[in-house]
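Colleague: Got a predicted structure here, sequence first:
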Amino acid sequence: MKKEIDIIIYGATGFTGTLCVKYLKKNYPDLKWSIGGRNKEKLTKLSNKYSLNTEIFIAEGDDSSSLDKMTEKAKVILSTAGPFHKYGSKLVESCVKNSTHYVDITGETFWIKEMIKKHHEEARRKSIRIIPSCGFDSIPSDLGVYYACREFGNSVESIHSFYKWKGEASGGTIETMFTSSNNKKSYLGPFGLTPKKSISSIQKDHTSDRVTIKKNTRLNAWSGPFIMAIPNANIVRRSAALLTELGRSYGDNFIYKEHAYYSNKFGAFLGTIFLAIFGLILFSPLKKMVRPFLKKPGQGPSKKVMDEGFFKGQFVLKGEDGNTNTYELFGQGDPGYKLTSLFVCESAIALLEDPSDLSGGLSYGGVLTPASGLGDILIDRLQNAGISFRKNNI
């Protein structure tokens, strides 16, 4: 099957999709890419606005025939069309059917589990890489852990990550959070995406996503719950299991946990209270009253907010030999949008490289993770794009 187009951005007219359009146009003028989505009028308007010399694909998320016409031509589908549990399932099915690699920006863990159950084995047989969570959910966590373990070079007992960030949520992200909260299976537990046979008794006994406010003397900061910890941690733990299958184990009983961090106790307290209130709204009838006052799909942060945003992740690694090191990731720009568009675009482009250079090699496939599906190649690409990976000598 001849693939004529390198990448098709599906959901191109959405807030993050448009950022991806701008990113590819600016940084990869020689790449052959196209745009797709559900609304012809909006796609045409987008194409005219940015003077795109690209093909336009009209495809509803539940229309397999129109999705097939798109995936038959693309080497890689880059999807920003969320909520993914509403619009992504048949697209992933079409990608596996037509041997097309796939990346997206979802944090919908329950949906990823469904895709693993339905498509992992067939994608593995066909050497197709289906890689969800290539945005701020969960590139920094997944590649931060991968990088730390790689640089440490020995078996790892545990990694605790700590995040500080600045940014705003878009209407699309808010919509995903509100619709996902309707799913009774949205929380899958700490090993929701991990093959059951790969989990040791030590990991079961010592793994928890519960986080309390606590002073961290190593970072000289206060830690508390992080809003993205649960989906991120599930991806990291799946990576650990898949990389073990590839002979690149982090450690036999590797433990991962994720936190936010603050400069003082009061900040940690306020951050925790905010999360508690937000959780109460999401999982109670209050959400019906609050939702109309928040941003709608297609609306997002201003350019000023996106330019002034940032994230910093600290990864405190403890080796099985007792040594402890700290590694750091840093990115300038709103992590949920400016950096998410960078992350997912570079992930899609990484899939165009020689597959023998990717994690797992030429024949590897399945419903994967950024670390297990892209690994060193993606780290190199992100470093070249301005994301800092380094050892923090503290």
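Modeller: Happy to help now that I have it. It should be emphasised that the depicted structure is a prediction, and the values quoted were computed from it without experimental measurement.
Colleague: what's in contact with stretch 382-394?
Modeller: 139, 143-144, 147, 151, 218-219, 314, 325-332, 339, 342-343, 346, 379 (Cβ atoms under 8 Å, 6 or more residues apart in numbering). C-beta: built from backbone N, CA, C; applies to glycine.
Colleague: Which positions within it qualify as buried?
Modeller: The neighbour-count check on stretch 382-394 (16 or more other Cβ atoms under 10 Å) flags 382, 387, 389, 392 as buried.
Colleague: Point out where this structure drops to low pLDDT.
Modeller: Residues of the chain that meet the criterion pLDDT under 70 lie in 1, 169-187, 287, 290, 293, 295, 297-298.
Colleague: how is it carved up into domains?
Modeller: Annotated domains of the chain cover 5-135+339-384, 139-334+388-392 [automatic domain parsing].
Colleague: Could you give the backbone dihedrals for Gly365?
Modeller: With angles defined as degrees, to the nearest 10, Gly365 sits at phi -170, psi 180.
Colleague: so is the closest residue to it other than its chain neighbours in a helix, a strand, or just coil?
Modeller: Among residues not flanking Gly365 along the chain, Ser127 sits closest, at 4.1 Å (Cβ to Cβ, 6 or more residues apart in numbering). Judged by DSSP: H, G, I helix; E, B strand; the rest coil, the three-state class of Ser127 is coil.
Colleague: Surely Ser127 touches Ser363?
Modeller: Yes: Ser127 lies in contact with Ser363 (Cβ atoms under 8 Å); the separation is 5.0 Å.
Colleague: Looking at the two, which one has more neighbours?
Modeller: Ser127 (16 against 11; other Cβ atoms under 10 Å).
Colleague: now, which of the contacts of stretch 382-394 lie within strands?
Modeller: Of the contacts of stretch 382-394, the ones assigned to strands by DSSP state E are 314, 325-332.
Colleague: now the residues you listed: which count as buried?
Modeller: Neighbour counting over those (16+ other Cβ under 10 Å) leaves 314, 325-331 as the buried ones.
Colleague: In which helix or strand does the residue most central in space within the chain reside?
Modeller: The centroid of the chain falls nearest to Ser133 when counting by Cα atoms, centre = their mean (2.5 Å). Using DSSP states H and E, Ser133 is not contained in any helix or strand.
Colleague: how about it, what does it touch?
Modeller: Shown in contact with Ser133 (Cβ under 8 Å, 6+ apart): 104-107, 112, 139, 142, 231, 235, 369-370.
Colleague: Return the subset of the residues you listed lying in strands.
Modeller: In strands, defined here by DSSP E, the members of the contacts of Ser133 are Asp104.
Colleague: contacting residues for Tyr147?
Modeller: The contact partners of Tyr147, by Cβ under 8 Å, 6+ apart, come to 315, 327, 329, 379, 389.
Colleague: The first one touches Val145, doesn't it?
Modeller: When you say that, I think you mean Phe315. Yes: between Phe315 and Val145 a contact is recorded at 6.4 Å, counting by Cβ under 8 Å.
Colleague: what's the overlap in contacts for those two?
Modeller: 159, 161.
Colleague: neighbour-wise, which of these two wins?
Modeller: Taking other Cβ under 10 Å, Phe315 and Val145 do not tie; Val145 has more neighbours (30 against 26).
Colleague: Would you mind finding the most buried of the domains of the chain?
Modeller: domain 5-135+339-384 (a mean of 21; mean count of other Cβ atoms under 10 Å).
Colleague: Show me where the protein has its strands.
Modeller: All strands of the chain, identified by DSSP E, fall at 5-10, 33-37, 56-58, 74-79, 101-104, 129-131, 156-166, 214-216, 221-224, 255-262, 310-319, 324-332, 366-367, 388-392.
Colleague: between those, which one is nearest to Gln299?
Modeller: Of all these, it is strand 33-37 that lies closest to Gln299, at 16.8 Å by Cβ to Cβ.
Colleague: Put together JSON lines for the contacts of Tyr147, with distance to Ser158 on each row.
Modeller: Shown next, in JSON lines, are the contacts of Tyr147 (distance: Cβ to Cβ, whole Å):
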{"residue": "Phe315", "distance to Ser158": "11"}
{"residue": "Tyr327", "distance to Ser158": "13"}
{"residue": "Leu329", "distance to Ser158": "18"}
{"residue": "Ile379", "distance to Ser158": "21"}
{"residue": "Phe389", "distance to Ser158": "20"}
